[in-house]
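[1] Here's a sequence, model it:
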Amino acid sequence: LCSDVRLRIQQRIAQTFGISSASMYLTKPTFFSRINNTEAKTTHDEYWHPHVDKVTYGSFDYTSLLYLSDYAEDFGGGRFVFMDAGSNKTVEPRAGRVSFFTSGSENLHRVEKVQWGTRYAITISFTCNPDHGIGDPVLM
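    Here you go, the predicted model:
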């Protein structure tokens, strides 16, 4: 299932940005996130600060998010915000919705603080550098 989801997202990103999916490699960290309104324990838990994924993670060229819970039903706050000079663009998470974008400075973003409930998502990231590629996760 994980491999199938990754492949479908990878193909859609490649199609959208006009690149070959064969030139994209899964990279780390690819991770499951569970965000609620508890206090941050590390700076990486402070998801509400503006950041650029390429700067934060290094290997990211394309970032995708697969949402597993619904905004306003399962949690409040927690919307994804692209920060643009003219006006911000907000993505409301919905279970099954996938959003993706290039990971460079053109996509400064943050996540609103979760006010109540729990926001679940999977971040699936890709690199164009085969040296930074990883295999699909294996469930034990």
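
[2] The nearest residue to residue 75 once chain neighbours are set aside: how many residues sit nearby?
    What sits nearest to residue 75 in space, not counting adjacent residues and going by CB to CB, 6 or more residues apart in numbering, is residue 117, at 3.3 Å. Every C-beta, even on glycine, is put in place using the N, C-alpha and C of the backbone. Other residues within reach of residue 117, judged by other CB atoms under 10 Å, total 19.

[3] who touches residue 117 in this structure?
    Residue 117 makes contact with 36, 69, 74-76, according to CB atoms under 8 Å, 6 or more residues apart in numbering.

[4] how close does it sit to residue 47?
    Going from residue 117 to residue 47 by CB to CB, to the nearest Å gives 15 Å.

[5] cool, residue 69 as well?
    15 Å.

[6] Provide a list of residues in contact with residue 135.
    residue 26.

[7] what comes into contact with the lowest-mean-pLDDT helix or strand in the chain?
    Scoring the helices and strands of the chain by mean pLDDT, DSSP states H and E places strand 25-35 at the bottom, with a mean of 88. For strand 25-35, the external contacting residues (CB under 8 Å, 6+ apart) are 6, 10, 47, 57, 59-61, 75, 78, 111, 114, 118-130, 132-137.

[8] Going by neighbour count, which residues in that strand are buried?
    Going by neighbour count (16 or more other CB atoms under 10 Å), the buried part of strand 25-35 is 25-27, 30, 35.

[9] Also stretch 110-125?
    110-112, 114, 117-125.

[10] Same check on stretch 4-17?
    Quick answer for stretch 4-17 (16+ other CB under 10 Å): 6, 9-10, 13-14.

[11] any residues touching it, and which ones?
    20-21, 23-24, 26, 62, 64, 66, 98, 100, 102, 124, 126, 136.

[12] Reformat those as TSV; add secondary structure and distance to residue 92.
    Formatted as TSV, the contacts of stretch 4-17 follow (DSSP: H, G, I helix; E, B strand; the rest coil; distance: CB to CB, whole Å):
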residue	secondary structure	distance to residue 92
20	coil	32
21	helix	28
23	helix	31
24	coil	27
26	strand	26
62	strand	21
64	strand	16
66	strand	14
98	strand	13
100	strand	16
102	strand	21
124	strand	19
126	strand	24
136	coil	29
